[in-house]
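J.: No letters, just coordinates:
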DNA sequence: GTCTATATGAAGATAGAC
DNA sequence: GTCTATCTTCATATAGAC
């Protein structure tokens, strides 16, 4: 294997290990040493791949953007009906139940943390939401051409973020089940109304 | 003024200054020096009033609990109708618009931050939610005796938390207006259904 | 490319002079 | 009660030997 290729591979390995660490610890409590330990890379060596902690964050978010886009493309392929796709989105908190209860939403918690003081970094975390938002808008537009697709997309994001926050507060799986079911009913009521 | 009394007064002043600082910076990025500067107390002196940073947090949360309880008591006195009280609650994001957009919800963002690693401190922040939750349950019980008051209370908390998170992500005042109006409609639909 | 040693600064916290 | 000096720890980051 070429040396260049190996560097890229290790870099990728660090990014994936940090992705999880970032979620579990948050950005400010995640130290450079933590990253090195988690990725099994000698601490000093890490600086060869990333010069600053912000640079790691940047790489992790870009990685998340790609992963999310791929997931949504898969859904587009697997699910022909926009309503089914939207329901699939709403079920994320159910599928990620244990993580949500322990750590909240990976996107929401990061944005909330960075948004207070690190305004420059917050803009990065906002991009994560943009991917979902524009995908949701496309689904609503396709499904209900005369509705305000962006308002509906934001409403879905509001409710899923609220679920993540409150499920984390009370560590309550049933809260997630109940609220996701309620979203399903809301989506079906939109179908009936049109 | 007695010395004892003065101590209490300065302590209270520190707590109130820290309350705001905690909201704007978050717990982990708020240093002991920050607290001292914001409260205009010499840094070394601060340790006379609070031995650790966690102790300050504890005092600030207790202070918030009292303030919230008083506010809810005021609402109980001012607004005779439970529905009006619930609408008043739902309007908090509108009244606190500028703060929410810049810093998110003071309760939600604190819980999200502490919940990841500082599990012991998270329990403190959970208490803030308990005050609202039990008050909301009382309002729903009084208004709709045969409904699942706790599920309705949680639903309201979910939606207000979601609003705060997403309004902070996109720094969007209109999002708040729209979503709060939507909550109002939901509350009115509950009245019609019963 | 890999790793060690270390510079530098800021944090939380304490001791003790006044 | 008030304030200064300082201890310790841990963070980011760099220089440079191998």
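T.: Looks like it arrived, so ask away. Everything numeric here is computed off the predicted structure, so don't read it as measured data.

J.: host element of the closest residue to DNA strand C within chain A?
T.: With CB to the nearest atom of the strand as the measure, residue A:44 is the residue of chain A nearest to DNA strand C, at 2.1 Å. From N, CA and C alone the C-beta is placed, and that goes for glycine too. Counting by DSSP states H and E, the element that carries residue A:44 is helix A:43-49.

J.: That helix and DNA strand D, any residue contact?
T.: Yes. Using CB under 7 Å from any atom of the strand, helix A:43-49 reaches DNA strand D at A:43, A:44, A:47.

J.: Excluding covalently adjacent residues, which one is nearest to residue A:59?
T.: Using CB to CB, 6 or more residues apart in numbering or on different chains and skipping residues adjacent in sequence, the residue nearest residue A:59 is residue A:15, 5.0 Å away.

J.: State the distance from the one you found to residue A:46.
T.: Going from residue A:15 to residue A:46 by CB to CB, to the nearest Å gives 12 Å.

J.: Is there contact, residue-wise, from the host helix or strand of residue A:12 to DNA strand C?
T.: Element membership of residue A:12, judged by DSSP H and E, is helix A:3-25. Yes. Interface with DNA strand C: helix A:3-25 contributes A:3, A:4, A:6, A:7, A:10 (CB under 7 Å from any atom of the strand).

J.: count of residues packed around the nearest residue to residue A:153 once chain neighbours are set aside?
T.: Once flanking residues are discounted, residue A:153 sits nearest to residue A:136: 3.6 Å by CB to CB, 6+ apart. Look at residue A:136: counted by other CB atoms under 10 Å in any protein chain shown, it has 23 neighbours.

J.: so who does residue A:136 touch?
T.: Residues in contact with residue A:136 (CB atoms under 8 Å, 6 or more residues apart in numbering or on different chains) are A:86, A:89, A:149, A:152, A:153, A:156, A:157.

J.: Narrow the residues you listed to those that are buried.
T.: A:86, A:89, A:149, A:152, A:153, A:156, A:157 (16 or more other CB atoms under 10 Å in any protein chain shown).

J.: Residue in chain A with the shortest distance to chain B?
T.: Nearest to chain B, among the residues of chain A, is residue A:162, at 2.8 Å (CB to the nearest CB).

J.: now that residue, nearest residue through space, not along the chain?
T.: Nearest one to residue A:162, counting by CB to CB, 6+ apart, is residue B:162 at 2.8 Å.

J.: Pull up the gap between residue A:21 and residue A:33, please.
T.: 11 Å.

J.: Which of these two has more residues huddled nearby?
T.: Shown here are residue A:21 and residue A:33; by other CB under 10 Å, residue A:21 has more neighbours (21 against 10).

J.: name the element the residue most central in space within chain A belongs to?
T.: Geometric centre of chain A, nearest residue: residue A:107, 4.4 Å, by CA atoms, centre = their mean. In the assignment (DSSP H and E), residue A:107 maps to helix A:106-117.

J.: interface residues of chain A facing chain B?
T.: Contact residues (CB under 8 Å from any CB of the partner chain) of chain A with chain B: A:24-26, A:28-29, A:102-104, A:108-109, A:111-113, A:115-117, A:125-126, A:129, A:151, A:154-155, A:157-163, A:165-166, A:168-170, A:175, A:178-179, A:182.
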